[in-house]
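Trainee: Predicted model and sequence follow; I will ask about them next.
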Amino acid sequence: MAAVVAIGLAAAAVQWLLTHWWVLVLTAVVVSVAGGLWYQQARQRAEWARVRARALRLRIAELDALDHRAFEFAIRDLMRRDGCKAERLGGAGDNACDVRAVDPAGRVWAIQCKHRRNGDRGSAVGVGVLQQVNGTARQIHGADIAVVLTNGRFSSKSIPWGKENRIHLVDRRVLGEWAAGSRPLWDLLDRIPPPRRPTALS
């Protein structure tokens, strides 16, 4: 009985719409206009976000004041500022990669962040951290560039170990220059691999 009633109501509704076809046209116009306005506003918000990201500048003292989680998000945002597609992976099971990014040249970055509350007066980042990154950056994250980044310092043994194993070390000085300036990180590091795809600068 309910099915018969439903079919009857549907048939009546279709008949009414066929008789009053202008209602369908008006609805389509309203939906199209509303959709167009929504799309335009979404594009404008995205453009404003890109402008704000490009203007991002951080002082080293601001980075020191963050907790480790906020520090990882700040590094993600700095990579985005420089035109990368970047995401934060930090947390349990991140396989020694807190931020994974793809730069405008198509290179994949795996960045392990080590925040020190006391800056360069805190404990030095040692070889053990670099060994973890070396075991996962390329094999698991597909990285062309493996980075260990800190607002502190590296131990004396970790510096040559990093060079031998193609792990880029970003210490407090390099981080401060990158975060406060307008040059992308790859302009501040040595031995960066060539672009994966042609760019306007290549």
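Mentor: Okay, I see it. Numbers count the residues shown, from 1 in each chain.
Trainee: Now do the residue nearest in space to the middle of the chain against Lys157, distance only.
Mentor: When Cα atoms, centre = their mean is applied to the chain, the residue found nearest the centroid is Ala86 (2.1 Å). The spacing between Ala86 and Lys157, counted by Cβ to Cβ, to the nearest Å, is 30 Å. Any C-beta I mention is one placed from the backbone N, CA and C, and that applies to glycine too.
Trainee: Helix, strand, or coil at the residue nearest to the centre of the chain?
Mentor: strand (DSSP: H, G, I helix; E, B strand; the rest coil).
Trainee: Next up, the contacts around it.
Mentor: Arg76, Asp77, Met79, Arg80, Val99, Arg100, Ala101, Val102, Trp109 (Cβ atoms under 8 Å, 6 or more residues apart in numbering).
Trainee: Recalculate using a threshold of 10 Å.
Mentor: Listed by Cβ atoms under 10 Å, 6 or more residues apart in numbering, the contact set of Ala86 reads 75-80, 99-103, 109, 111.
Trainee: which one of those residues is nearest Ala124?
Mentor: Ile111 (18.4 Å; Cβ to Cβ).
Trainee: Tell me how far Arg166 lies from Met79.
Mentor: Looking at Arg166 against Met79, where the rule is Cβ to Cβ, the gap reads 19 Å.
Trainee: The two: who's more crowded?
Mentor: Ranked by neighbour count (other Cβ atoms under 10 Å), Arg166 and Met79 place Met79 first, with 25 against 14.
Trainee: Was I right to think that one contacts Val108?
Mentor: No - contact criterion Cβ atoms under 10 Å: Met79 and Val108 do not qualify, at 11.6 Å.
Trainee: Any idea how many residues pack against the closest residue to Lys114 other than its chain neighbours?
Mentor: Distances taken as Cβ to Cβ, 6 or more residues apart in numbering place Thr150 nearest to Lys114, at 4.2 Å, with adjacent residues excluded. Neighbour count of Thr150, defined by other Cβ under 10 Å: 24.
Trainee: mind listing what Thr150 touches?
Mentor: 71, 112-116, 119-120, 122, 124-125, 129, 169-172, 174-175.
Trainee: Now which of those residues would you call buried?
Mentor: 71, 112-116, 119, 122, 124-125, 129, 169-172, 174-175 (16 or more other Cβ atoms under 10 Å).
Trainee: In helices, which of those residues appear?
Mentor: Per DSSP state H, helices hold the following members of these: Phe71, Val129, Arg172, Val174, Leu175.
Trainee: Please name the nearest non-neighbouring residue to the second one.
Mentor: Read that as Val129. In space, Val129 is closest to Val148, 5.9 Å off (Cβ to Cβ, 6+ apart).
Trainee: Equivalent analysis for the fourth one, please.
Mentor: With Cβ to Cβ, 6+ apart as the measure, Leu188 is the residue that lies nearest to Val174, at 5.5 Å, once sequence neighbours are left out.
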